[in-house]
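Novice: Got a predicted structure here, sequence first:
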Amino acid sequence: MKIKLWCALGALCAAWVLSGFPPSGGARAQEQGQADWRAEFEAVCVKTDLAMSLSNEELTQLVARCDRLEGQIAGETEIVRKVYLKRLRSCRALFAYVLEARSAASAGGDAAAPAQLPPPEPRPQGTEATAPESRPAP
Amino acid sequence: MPHQAGAVTRGAITVALLLLSPAGASGNFAFTNPPPPEEYGNLLINRASAAAGVKPVSFSHWIHRQRHTCRVCHFELQFNFEANTTEITEDANRAGMFCGACHDGKDLFGHTKPEDCERCHNGDLRRGSERFGPLWRLPEARYGNRIDWSTALDDGLIAPAKKLTIDPSGEIGFASTILLEAEWPMVPNAMFPHGQHTRWLDCNDCHPNIFNIKKKFTAGLRMEGIMARQFCGICHNTVAFPLSDCRRCHPDLKGLPEYPEPVSR
């Protein structure tokens, strides 16, 4: 009985090790590295919706962070690389675009830049923005 | 010859009247017969399906729009705006990317059961149309889905999530309305409201790839380009309200053009 128990325990341990858990030191480091750049990626790209309110220094730092991230993502699998690099480059392009637009504006402005109107008044709840047209019954 | 001069004069007057008539001018665009409201914004994704021996994927924007804003799919999940250009594969989906970010077989059906394949790979643009009926409760529009989605969002009648995994920093504060001067003197100017777009999209969705001040895009921003699915036409006339709804952008336009309205089957 004891021998059977020990055999069963040994078989379980062998199965556990062969399944790759706990992960080897190298695999653990790789997972940690991936977690690190993903966290940085999200911290950087989340700021696209604030781009217009960031200072030039902040935008420049974000561009630099994007450049560093690109190097880290380049070593990932093809699927991950394709998706995240595309997003990263889009984020970087937006930050660079805002910087460029500001420098163009301060240098004399873009003659073709369209006029901007003040934000519209908030519409009262329940009113329709378009003239209702009768729709055919579903 | 007096008879010929009279015909030429009548022709010139006719052309001049057409050009001077805003309705006539704005009704010059050839909008094809619109799809039924329950099919507007539906598309078939067939980048690799047929080649792999499966039916194309039918995707409905109005079904997904109720759950997530455009930002989630077209910013977080990196779906391209142009259909059949995103490299969606079964492997990518199984890895939790693209559709697989939600359709993982846990909260929503995914690639876990063979019988679920046909829920997407059916090649049928009308798939899911039986679920359209309850949407008639939403504010009306004249074209497209015949639903004013922006008003529905503003009134809280729909509450699509703005994020999947990445929280937006906050409400995008840039809400200015831009005046776009029309080339034709008799056509009222167009208005572009940033606020209505930032409630659905991220700044990165449009800037700088589609709208880039650096390249002075406004010089080329014309209806011909928009009709050819450039600029605004990337979304409007495909999934957002169609271009036949002229007054949505040209609010001061007098007289509605007589474009055909969509009718349910």
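Specialist: Alright, I've got the coordinates.

Novice: so how far is A:L88 from A:E42?
Specialist: 11 Å (C-beta to C-beta, to the nearest Å). Every residue, glycine included, has its C-beta placed from N, CA and C.

Novice: So for these two, which sits in the more crowded spot?
Specialist: Between A:E42 and A:L88, A:L88 has the larger neighbour count (other C-beta atoms under 10 Å in any protein chain shown), namely 21 against 14.

Novice: which element is the more buried one on?
Specialist: A:L88 belongs to helix A:78-106 when assigned by DSSP states H and E.

Novice: any bit of that helix sitting next to chain B?
Specialist: Yes: judged by C-beta under 8 Å from any C-beta of the partner chain, helix A:78-106 comes into contact with chain B through A:79-80, A:82-83, A:86-87, A:90-91, A:93-94, A:96-98, A:100-101, A:104.

Novice: For stretch B:125-142, buried residues please.
Specialist: The neighbour-count check on stretch B:125-142 (16 or more other C-beta atoms under 10 Å in any protein chain shown) flags B:L125, B:R126, B:R127, B:G128, B:S129, B:F132, B:L135, B:L138, B:P139, B:E140, B:A141, B:R142 as buried.

Novice: Kindly identify which of those also come near chain A.
Specialist: B:F132, B:P139, B:E140, B:A141, B:R142.

Novice: Switch those residues over to CSV; also include secondary structure.
Specialist: Below are these laid out as CSV (DSSP: H, G, I helix; E, B strand; the rest coil):
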residue, secondary structure
B:F132, coil
B:P139, coil
B:E140, strand
B:A141, coil
B:R142, coil
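
Novice: follow-up on the earlier one: how about the buried residues of stretch B:125-142 in CSV, adding distance to B:C99 and pLDDT?
Specialist: CSV is the format used below for these (distance: C-beta to C-beta, whole Å; pLDDT from 0 to 100):
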residue, distance to B:C99, pLDDT
B:L125, 18, 95
B:R126, 20, 95
B:R127, 15, 94
B:G128, 15, 93
B:S129, 20, 94
B:F132, 21, 95
B:L135, 22, 95
B:L138, 25, 96
B:P139, 29, 96
B:E140, 31, 95
B:A141, 28, 94
B:R142, 32, 91
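
Novice: Going by residue numbers, what spans are strands in the stretch 151-265 of chain B?
Specialist: For the stretch 151-265 of chain B, the strands defined by DSSP state E, counting those that start in this stretch occupy B:177-180, B:190-193.

Novice: Tell me which of these sits most buried.
Specialist: Burial of those is given as mean neighbour count (mean count of other C-beta atoms under 10 Å in any protein chain shown); strand B:190-193 ranks first at a mean of 18.

Novice: roughly how far is it from the heart of the chain?
Specialist: Here the centre of strand B:190-193 is set off from its chain's centre by 16 Å, with C-alpha atoms, centre = their mean, to the nearest Å.

Novice: That strand - which strands sit beside it in the sheet, and in what orientation?
Specialist: As defined by DSSP bridges, the strand partners of strand B:190-193 come to strand B:177-180 (antiparallel).

Novice: Tell me which residue of chain A lies closest to chain B.
Specialist: Residue nearest to chain B within chain A: A:Y97 (3.7 Å; C-beta to the nearest C-beta).

Novice: mind showing which ranges of the stretch 151-265 of chain B have poor pLDDT?
Specialist: Within the stretch 151-265 of chain B, the ranges that satisfy pLDDT under 70 run B:169-173, B:213-219, B:256-257.

Novice: shaky segments in the stretch 1-150 of chain B?
Specialist: Low-confidence segments of the stretch 1-150 of chain B (pLDDT under 70): B:1-5, B:7-28.

Novice: can you give me the helices in chain B?
Specialist: Ranges of helices in chain B, per DSSP state H, are B:2-20, B:22-26, B:61-65, B:70-71, B:90-94, B:149-154, B:194-198, B:203-206, B:223-227.

Novice: nearest residue to A:R65 other than its sequence neighbours?
Specialist: Leaving aside its chain neighbours, A:R65 sits nearest to A:V44 (5.1 Å; criterion: C-beta to C-beta, 6 or more residues apart in numbering or on different chains).

Novice: my bad, B:F174
Specialist: Nearest to B:F174 is A:M52, by C-beta to C-beta, 6+ apart, at 4.7 Å.

Novice: In chain A, what helix or strand scores lowest on average pLDDT?
Specialist: Lowest on mean pLDDT, DSSP states H and E among the helices and strands of chain A sits strand A:115-117, with a mean of 53.

Novice: Would you check that B:H194 makes contact with B:A175?
Specialist: Yes: here B:H194 reaches B:A175: they are 5.3 Å apart, a contact under C-beta atoms under 8 Å.

Novice: okay, the two: which has more neighbours?
Specialist: Of the pair B:H194 and B:A175, B:H194 is the one with more neighbours under other C-beta under 10 Å, namely 20 against 16.

Novice: give me the number of residues near the residue nearest to B:F174?
Specialist: That count, for A:M52 with other C-beta under 10 Å as the rule, works out to 18.

Novice: Just give the closest residue to whatever residue of the stretch 101-250 of chain B ends up closest to chain A, not the sequence neighbours.
Specialist: Nearest residue of the stretch 101-250 of chain B to chain A, counting by C-beta to the nearest C-beta: B:P208, 3.7 Å away. Nearest non-adjacent residue to B:P208, counting by C-beta to C-beta, 6+ apart: A:Y97, 3.7 Å away.

Novice: next one: B:L180
Specialist: Of all residues not flanking B:L180 in the chain, B:A190 sits nearest, at 4.2 Å (C-beta to C-beta, 6+ apart).

Novice: for that neighbour, what are its contacts?
Specialist: The contact partners of B:A190, by C-beta atoms under 8 Å, 6 or more residues apart in numbering or on different chains, come to B:L179, B:L180, B:A182, B:C249, B:H250.
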